[in-house]
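> Below are the sequence and a predicted model for it; my questions follow.
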Amino acid sequence: MKMSHVHCRVRDLRAAARWFEKVWQTAPVFDNDRMVWLSFGELGVILDAAADDSIVTIGFDSKDCDADYRLVTSRGAEPIEQPQDKPWGTRTAYLKGPGGLTIEIEQLLNRT
């Protein structure tokens, strides 16, 4: 078995879908009044219309955390934490996603 998707509840489904289209430049592969399915390679993120937002962090691997951070913030993503080297061997940045979602951009650092 392999993981295929994650469901995230959002109070404003339309705003969340627009945010991902604008900031991540990804169009839904499925979209109706209750659910939006976004594809990120082998993993899907499903946004479900709900009364309450999920508190979820969605992580993205990056080859260049700083460049990707600059790109998505230039498209309107709101920073939470600028790229920083972490003690566990990554360079990581955090952004405010729609609803209760946090977006993480993470780059593995080459440690010798």
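It's in.
> In this structure, what residue spans correspond to strands?
5-10, 30-31, 35-40, 43-49, 56-61, 78-86, 90-96, 101-108 (DSSP state E).
> out of these, nearest to residue 68?
Nearest of the strands of the chain to residue 68, taken as C-beta to C-beta: strand 101-108 at 5.2 Å. (C-beta placed from N, C-alpha, C; glycine too.)
> Which residues does the closest one contact?
Residues outside strand 101-108 that contact it (C-beta atoms under 8 Å, 6 or more residues apart in numbering): 8, 10, 16, 53-54, 56-65, 68-69, 72, 77, 80, 83, 89-97.
> Are any of these buried, and if so which?
Using 16 or more other C-beta atoms under 10 Å as the burial test, the contacts of strand 101-108 include 8, 10, 16, 53, 56, 58, 60, 62, 65, 68-69, 72, 77, 83, 90-95, 97 as buried.
> Please tell me how far residue 44 sits from residue 89.
According to C-beta to C-beta, to the nearest Å, residue 44 stands 28 Å off from residue 89.
> now residue 32
41 Å.
> Same question for residue 75.
In terms of C-beta to C-beta, residue 75 sits 28 Å off from residue 89.
> Find the nearest non-adjacent residue to residue 81, please.
Of all residues not flanking residue 81 in the chain, residue 94 sits nearest, at 4.3 Å (C-beta to C-beta, 6 or more residues apart in numbering).
> and stretch 75-82, average pLDDT?
Average pLDDT, stretch 75-82: 98.
> Same question for stretch 28-45.
Mean pLDDT, stretch 28-45: 96.
> Do me a favour and get the end-to-end distance for it?
The straight-line separation of the ends of stretch 28-45 (C-alpha to C-alpha, to the nearest Å) is 10 Å.
> Now that stretch: buried residues?
Result for stretch 28-45 [16+ other C-beta under 10 Å]: buried residues 28, 36, 37, 38, 44, 45.
> could the residues you listed be laid out in TSV, adding distance to residue 110?
Output for the buried residues of stretch 28-45, formatted as TSV (distance: C-beta to C-beta, whole Å):
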residue	distance to residue 110
28	36
36	37
37	35
38	31
44	30
45	29
